[in-house]
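A.B. asks: I would like to see how this sequence folds:
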Amino acid sequence: MATQELKHNRWSSKFVFILAATGAAVGLGNIWKFPYEVASNGGSAFVITYIICLACLGIPLLIAEMLLGRLGRANPIATLSKLAKENNTSQVWAALGWLNIITLICVLSFYSVVAGWSIKYFIASCMGVFVNIDNDSLNLFWQNTVANPVEIISYHALFMLLTIAVVIRGVNRGIETANKILMPLLFIFLLVLVGYSYTTPGFEQGWNFLFEFRYQDINFDT
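C.D. replies: Below is the predicted model of the structure:
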């Protein structure tokens, strides 16, 4: 029954699918850690290397995943099981569907914690906690945050409840609706942050550090 319901849950347009795919790909890691990795590993030389890796690995995998979804139109386990049956191959392929689910659970286990931190920092920002704050006070704020397990669990639970509230409404009324609101907001926030950064001292030095072409920094670790 659940599989049949999922088969009828389709994206209403290509645009909302692109929004959802972008929302899945552009996460906290891209905003939080990616700039650090760029600056530490060759600037624009790292970006070029990253794009080459995307072209050689990411895009083929994305195409394969989209084809599987289009052919199966169900969850990963049911899709691989169905395709294996249709092509007279082993049902062991369905195990890859379970691997997919387990991987997502593992990702969610740490992603949701970081997202909980983000909620706390967002609330603190709205309350003006970080106005004119120095590095020592900022580090103390972080240390107090991770030293309070009840607070961490509470923000984690809040994020999970918000996520469940979206997912439980399905593809069209839940994920699509959320992406139509949140993805444009993310774009606006990023533009505002870039504009604000431009007005702060050291913007040019930061820009050069982030995007200057430093091929000598590209190595095997990169």
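A.B. asks: wait, what's in contact with residue 119?
C.D. replies: By Cβ atoms under 8 Å, 6 or more residues apart in numbering, the residues touching residue 119 are 155, 158, 159. (Each C-beta comes from the backbone N, C-alpha and C, glycine too.)
A.B. asks: Mark which of those residues are buried, thanks.
C.D. replies: Among these, those buried by neighbour count (16 or more other Cβ atoms under 10 Å) are 155, 159.
A.B. asks: What is the nearest of the contacts of residue 119 to residue 105?
C.D. replies: residue 159 (15.3 Å; Cβ to Cβ).
A.B. asks: you'd agree that closest one is up against residue 112?
C.D. replies: Yes. Shown here, residue 159 and residue 112 form a contact pair, counting by Cβ atoms under 8 Å, at 5.4 Å.
A.B. asks: could you measure the residue nearest to the spatial centre of the chain against residue 15, distance?
C.D. replies: Residue closest to the mean C-alpha point of the chain, counted by Cα atoms, centre = their mean, is residue 27 at 2.4 Å. Going from residue 27 to residue 15 by Cβ to Cβ, to the nearest Å gives 20 Å.
A.B. asks: Then residue 175?
C.D. replies: 14 Å.
A.B. asks: cool, residue 51 as well?
C.D. replies: Look at residue 51 and residue 15: by Cβ to Cβ, they are 24 Å apart.
A.B. asks: got it, and residue 88?
C.D. replies: Taking Cβ to Cβ, one finds residue 88 at 38 Å from residue 15.
A.B. asks: Chain neighbours aside, what residue packs nearest to residue 120?
C.D. replies: Nearest residue to residue 120 in three dimensions, chain neighbours excluded: residue 155, at 5.1 Å (Cβ to Cβ, 6 or more residues apart in numbering).
A.B. asks: list the contacts for the one you found?
C.D. replies: 116, 117, 119, 120.
A.B. asks: among those, who's most crowded?
C.D. replies: Most neighbours among the contacts of residue 155, by other Cβ atoms under 10 Å: residue 116, with 21 neighbours.
A.B. asks: so it is in which element?
C.D. replies: helix 94-126 (DSSP states H and E).
A.B. asks: Give me the distance from that helix to the chain's centre.
C.D. replies: Relative to the centre of its chain, helix 94-126 is centred 9 Å away, using Cα atoms, centre = their mean, to the nearest Å.
A.B. asks: And the pLDDT for the residue nearest to residue 120?
C.D. replies: We have a pLDDT of 96 for residue 155.
A.B. asks: shaky segments in the chain?
C.D. replies: 1-8 (pLDDT under 70).
A.B. asks: Let me see the ranges of the helices in it.
C.D. replies: Ranges of helices in the chain, per DSSP state H, are 2-7, 14-25, 28-32, 34-40, 44-53, 59-72, 76-86, 94-126, 135-146, 149-167, 170, 177-198, 203-211.
A.B. asks: buried ones in the longest one?
C.D. replies: Using 16+ other Cβ under 10 Å as the burial criterion, the residues of helix 94-126 that qualify are 94, 97, 100, 111, 112, 115, 116, 117, 120, 121.
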